[in-house]
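Participant: what would the 3D arrangement of this be:
(2 chains)
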2 protein chains.
Amino acid sequence: MTHPQVSSPAQYRRLRVALLGAGAVGSQVARILLQHGEELADRAGASLELAGIAVRDVDAKRDVDLPKDLFTTDAESLIVGSDIVIELMGGIEPARGSLLLALSSGADVVTANKALLATHGPELFEAADQVGASVYYEAAAAGAIPIIRPLRDSLAGDRVVRLMGIVNGTTNYILDRMDSEGADFGEVLADAQRLGYAESDPTADVEGFDAAQKAAILASLAFHTAVPLEAVHREGITRITPSMIEEARAAGFVIKLLAVCERLVVDGAESISVRVYPALVPRTHPLASVHGANNAVFVEAEAAGSLMFYGAGAGGVQTASAVLGDVVSAARRHIAGGVGVGESTRANLPTVPIGSVITRYQVTLEVDDQPGVLAAVAGILSDGGVSVATVVQTVEGEGEDDATARLIIGTHRATEQALSDTVEKLAASAVVERVVSVLRVEGE
Amino acid sequence: MTHPQVSSPAQYRRLRVALLGAGAVGSQVARILLQHGEELADRAGASLELAGIAVRDVDAKRDVDLPKDLFTTDAESLIVGSDIVIELMGGIEPARGSLLLALSSGADVVTANKALLATHGPELFEAADQVGASVYYEAAAAGAIPIIRPLRDSLAGDRVVRLMGIVNGTTNYILDRMDSEGADFGEVLADAQRLGYAESDPTADVEGFDAAQKAAILASLAFHTAVPLEAVHREGITRITPSMIEEARAAGFVIKLLAVCERLVVDGAESISVRVYPALVPRTHPLASVHGANNAVFVEAEAAGSLMFYGAGAGGVQTASAVLGDVVSAARRHIAGGVGVGESTRANLPTVPIGSVITRYQVTLEVDDQPGVLAAVAGILSDGGVSVATVVQTVEGEGEDDATARLIIGTHRATEQALSDTVEKLAASAVVERVVSVLRVEGE
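Facilitator: Residues are numbered from 1 along each chain as shown, chains lettered A, B, ... in the order given. A predicted model of the protein is given here:
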């Protein structure tokens, strides 16, 4: 019933679409644009003409067979005169320069570039504002899962209290296999590399850099605040051992690499915390059942309550879905007219350092199995202002002279500062042989 | 960094917001607009001034204490001159007339009225198109769960293959309690009514009318086609017994009232099916773990793969979250300028009758425990072109003369027509005493 004046795609206004990059995602975007062009035109109310694909090497092997004459190494000529520019090159430069050029020439831009957004987002958004264009980036966090629009638009009238996301598929794949098979980190990582789930240099994933970039993007949207990447506390999963996973299981937890974005009040001031670390999640929590390389984002909002968004966090064709949703949205806006809606960042909440965050620790200690040890440990905790919620003691080599005991201590909630100071004192104490592991508990 | 020219709410353009209805949702919308006005203004880039609340009875008792002078019985005067009109009255009239008046006077409208959208959606969308306004309705399906924007925008570049939703909280509450407690339908319904989970007249929920309205809305978005309510096949849950639930459990299933929206090819033509019925869902499917009055929508798309959206499907404050997200979106559009983006309905796919749909049945029969009965039943199935996947036989009163057996037959996939014709022939057959239950299997 709508748009009755338009009956055939031939009548649609033509929009020139430039694609930068033809890797796993880019080649799928090009394929779908070419194969489903008419269908997408009907949805967009505009004909989406793929004007060209800028690449470094025109003759490189691609995942998808695409018309040779679309390829060019001259990105600049392609960008200028395009209505929509899709950037799927990744990295900071030349992506940044290309997008600034696109915006300054009045194009709307679509990008999946989380590294660029997390470091140069405000620059891009300001460039877009200046010409009334828009930056679309649904594919930059949690892959195919629609999470940007829900945070930016659907929850714009609510107050997000906490967001917890499994936003890196590689680490979830590794942790999930360690959990289900009892396997070692290095062993599963090697396997993940062989299967293409992990890069040959896995640092960005396993050290949490990728998740931190996504956390910065999600926190910016959730809290209407430009959150710089430097404000994100980051820890990776390389120190996670099979025995930590086994102990977690025994206590009813699973270990997940979480991006936690949280609203909190510190010294009377409304603030936020953004952090990425492996944490113990109760097995009954919806995030605990996110398996393999999947992603999920769990959001708690004041009015809406608990929401969860689940799906594929990566993959060429999956990510292409998010990119093309943005392309159709950009096309619709071109046809509708008006300027782009800028980012909402006026709340300007300060990000607190990790020390001010209130969490709960689970600490595993190796101690001498001697009378008085538990009392000594309890004393250190109490001196540090850390109150104990649970203690489990297991003894190895019972009855022998060199018997050692394991103490698994679940603390009550306290500041990270108090908790980490106390763990340091425990480590230095004569009665503690070794601090085996320290993990936060999230999602209780 | 964005909108640097605007530094204080005092400088924002003021938008007049009219609220129609002050029930459970409306009173929360008013409260949040009043309490968080400054915060919402910062996000919208516009000051949202609640101009008034139109109600039938100014003196009625409300859930929330609101300023008396906001209330009026004169909806018409309130609507004319407003920039954004929020309709939370429910029902067809006077909601329809009020929204048409709002649109014709150039306002954007926000509504949670699923009944109105499912029956008069195209009329409203066309009225909006004529003046370049927008109709926002995130709250009309699955309550607080952001599902409208994901389908409308995020997946606009993809092809939805199937959508399966638990979109009615009342029936999910009832079925979940029947499943966990072995309780009877009538018993749990009475309890649900006492607790406020079900209306005193529960027909709209338990007979699937509410879910059918939401299915029409979701299918329209998913398939870019105006799906009329009459095209939705609908069955309720009143016939579900504890023994059906018990049998489902034994076979690894849980019974859920599903809204299924599916793309299929019938006689070579791309078509869709939209249907609401109680179905057997494998306990391993993500929808199986949606408990209580919660809602969830599971989407399978060609490129994105499987996605799930989960959250509260009803509740005053939860639904208010979705309404206010729409209000902020409408305000942003007002400030950005341009016309509203109309509905995408140009795919215009035909909806096939239920008989053409391919499903899989699980049929429970009561039969005489005599030799040859299974052969006779198998013969009827085979004559009907229905192939058998699984048979489980249980005998009651074994060895006695009047012993009866239960046959639980899982069929392979076939058309609904073939399946239902065959079940009719089974019912009429001399060897079958009673057709105990017939349920489709979904989500395998």
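Participant: any part of stretch A:257-266 near chain B?
Facilitator: No: contact check for stretch A:257-266 against chain B, using Cβ under 8 Å from any Cβ of the partner chain: none in range, with a minimum separation of 12.0 Å. Heads up, the C-betas are built off the backbone N, CA and C, glycines and all.
Participant: how about that stretch: buried residues?
Facilitator: A:Leu257, A:Leu258, A:Ala259, A:Val260, A:Cys261, A:Glu262, A:Arg263, A:Leu264, A:Val266 (16 or more other Cβ atoms under 10 Å in any protein chain shown).
Participant: could you do stretch A:365-372 as well?
Facilitator: Within stretch A:365-372, the residues scored as buried using 16+ other Cβ under 10 Å are A:Leu365, A:Val367, A:Asp368, A:Asp369.
Participant: quick one on the thing from earlier: sort out for me which of the buried residues of stretch A:257-266 are in strands.
Facilitator: A:Leu257, A:Leu258, A:Ala259, A:Val260, A:Cys261, A:Glu262, A:Arg263, A:Leu264, A:Val266 (DSSP state E).
Participant: counting neighbours, what do you get for A:Asp69?
Facilitator: The number of residues packed around A:Asp69, counting by other Cβ atoms under 10 Å in any protein chain shown, is 7.
Participant: related to what we said a few turns ago, now the buried residues of stretch A:257-266 in a markdown table, please, with extra columns for pLDDT.
Facilitator: Compiled in a markdown table, the buried residues of stretch A:257-266 are given as follows (pLDDT from 0 to 100):
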| residue | pLDDT |
| --- | --- |
| A:Leu257 | 98 |
| A:Leu258 | 98 |
| A:Ala259 | 98 |
| A:Val260 | 98 |
| A:Cys261 | 98 |
| A:Glu262 | 98 |
| A:Arg263 | 97 |
| A:Leu264 | 96 |
| A:Val266 | 92 |
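Participant: max pairwise distance over these: which two?
Facilitator: Between any two of these, the greatest separation by Cβ to Cβ is 25.0 Å, found for A:Leu257 and A:Val266.
Participant: now the lowest-mean-pLDDT helix or strand in chain A - C-alpha only, CSV.
Facilitator: For chain A, the helix or strand with the lowest mean confidence is strand A:388-396, at a mean of 88 (criterion: mean pLDDT, DSSP states H and E). What follows is strand A:388-396 as a C-alpha-only set of coordinates in CSV (Å, rounded to 0.1, in the frame of the first residue of the first chain):
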residue,chain,number,x,y,z
VAL,A,388,34.3,-13.8,52.6
ALA,A,389,31.2,-15.4,51.1
THR,A,390,32.3,-19.0,50.6
VAL,A,391,35.4,-21.1,51.3
VAL,A,392,36.1,-24.6,49.9
GLN,A,393,39.2,-26.4,51.1
THR,A,394,40.6,-29.4,49.3
VAL,A,395,43.7,-31.3,50.5
GLU,A,396,46.3,-33.0,48.3
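Participant: so what strands line up beside it?
Facilitator: Partner strands for strand A:388-396, per DSSP bridges, with pairing direction: strand A:404-411 (antiparallel).
Participant: quick check: next helix or strand after the lengthiest helix in chain A?
Facilitator: Scanning chain A for the helix with the most residues, using DSSP state H, yields helix A:316-336. Beyond helix A:316-336 in the direction of the C-terminus, DSSP states H and E gives the next helix or strand as strand A:358-359.
Participant: distance between that next one and the chain's centre?
Facilitator: When distances are taken as Cα atoms, centre = their mean, to the nearest Å, strand A:358-359 is centred 21 Å away from the chain's centroid.
Participant: next: stretch A:383-392.
Facilitator: Distance of stretch A:383-392 from its chain centroid, counting by Cα atoms, centre = their mean, is 32 Å.
Participant: still on that earlier bit, which one of the buried residues of stretch A:257-266 is nearest to chain B?
Facilitator: Checking the buried residues of stretch A:257-266 against chain B by Cβ to the nearest Cβ gives A:Arg263 as the nearest, at 12.0 Å.
Participant: check contacts around the closest one.
Facilitator: The neighbourhood of A:Arg263, defined by Cβ atoms under 8 Å, 6 or more residues apart in numbering or on different chains, consists of A:Arg159, A:Val160, A:Val161, A:Arg162, A:Phe223, A:Glu270, A:Ser271, A:Ile272, A:Leu349.
Participant: just the buried subset of those residues, written out for ChimeraX, thanks.
Facilitator: Buried residues within those, as defined by 16+ other Cβ under 10 Å, are selected in ChimeraX through the command that follows:
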select /A:159,160,161,162,223,271,272,349
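Participant: among the contacts of A:Arg263, which are within reach of chain B?
Facilitator: Among the contacts of A:Arg263, proximity to chain B is found for A:Arg159 (Cβ under 8 Å from any Cβ).
Participant: quick one: which of the contacts of A:Arg263 is nearest to chain B?
Facilitator: For chain B, the nearest member of the contacts of A:Arg263 is A:Arg159. The distance, counting by Cβ to the nearest Cβ, is 7.3 Å.
Participant: next one: that closest one from B:Gly26, what distance?
Facilitator: Counting by Cβ to Cβ, to the nearest Å, the gap between A:Arg159 and B:Gly26 amounts to 19 Å.
Participant: surely A:His412 is in contact with A:Gly385?
Facilitator: No: under the criterion of Cβ atoms under 8 Å, A:His412 is not in contact with A:Gly385, lying 10.3 Å apart.
Participant: leaving out chain neighbours, which residue sits closest to the residue in the stretch 51-200 of chain A positioned nearest to chain B?
Facilitator: With Cβ to the nearest Cβ as the measure, A:Gly157 is the residue of the stretch 51-200 of chain A nearest to chain B, at 2.3 Å. Nearest-residue entry for A:Gly157: B:Leu324, 2.3 Å, with adjacent residues in sequence omitted and distances by Cβ to Cβ, 6 or more residues apart in numbering or on different chains.
Participant: just checking, A:Asn172 touches A:Ile166?
Facilitator: Yes: using Cβ under 8 Å, A:Asn172 is in contact with A:Ile166, at 5.2 Å.
Participant: now for those two: what residues contact both?
Facilitator: With Cβ under 8 Å, 6+ apart as the test, A:Asn172 and A:Ile166 both reach A:Lys256, A:Leu257, A:Val290, A:Asn294, A:Asn295, A:Gly313.
Participant: point out the least confident member of these, please.
Facilitator: Checking pLDDT across the shared contacts of A:Asn172 and A:Ile166, the minimum falls on A:Gly313 at 85.
Participant: contact partners for the residue nearest to A:Gly157?
Facilitator: A:Ala156, A:Gly157, A:Asp158, A:Ala303, B:Val29, B:Ile32, B:Leu33, B:Leu40.
Participant: residues of the stretch 51-200 of chain A that sit close to chain B?
Facilitator: The interface of the stretch 51-200 of chain A toward chain B, taken as Cβ under 8 Å from any Cβ, is made up of A:122-123, A:125-126, A:129, A:138, A:144-146, A:148-150, A:153-159.
Participant: distance check, A:Val299 against B:Pro150.
Facilitator: When Cβ to Cβ is the yardstick, A:Val299 and B:Pro150 sit 14 Å from each other.
Participant: any shared contact partners between these two?
Facilitator: With contacts defined as Cβ under 8 Å, 6+ apart, the residues adjacent to both A:Val299 and B:Pro150 are A:Pro150.
Participant: ok, A:Leu100 touching A:Glu126?
Facilitator: No: taking Cβ under 8 Å as the definition, A:Leu100 is not a contact partner of A:Glu126, at 10.1 Å.
Participant: so which of the buried residues of stretch A:365-372 are in strands?
Facilitator: A:Leu365, A:Val367, A:Asp368.
Participant: how is chain A divided into domains?
Facilitator: Under automatic domain parsing, the residue ranges defining each domain of chain A are A:9-144+A:317-336, A:148-312, A:357-441.
Participant: lowest average pLDDT across those?
Facilitator: For the domains of chain A, the bottom mean pLDDT is recorded on domain A:357-441, which sits at a mean of 91.
Participant: what is the end-to-end distance of that domain?
Facilitator: Terminal residues of domain A:357-441 lie 13 Å apart, using Cα to Cα, to the nearest Å.
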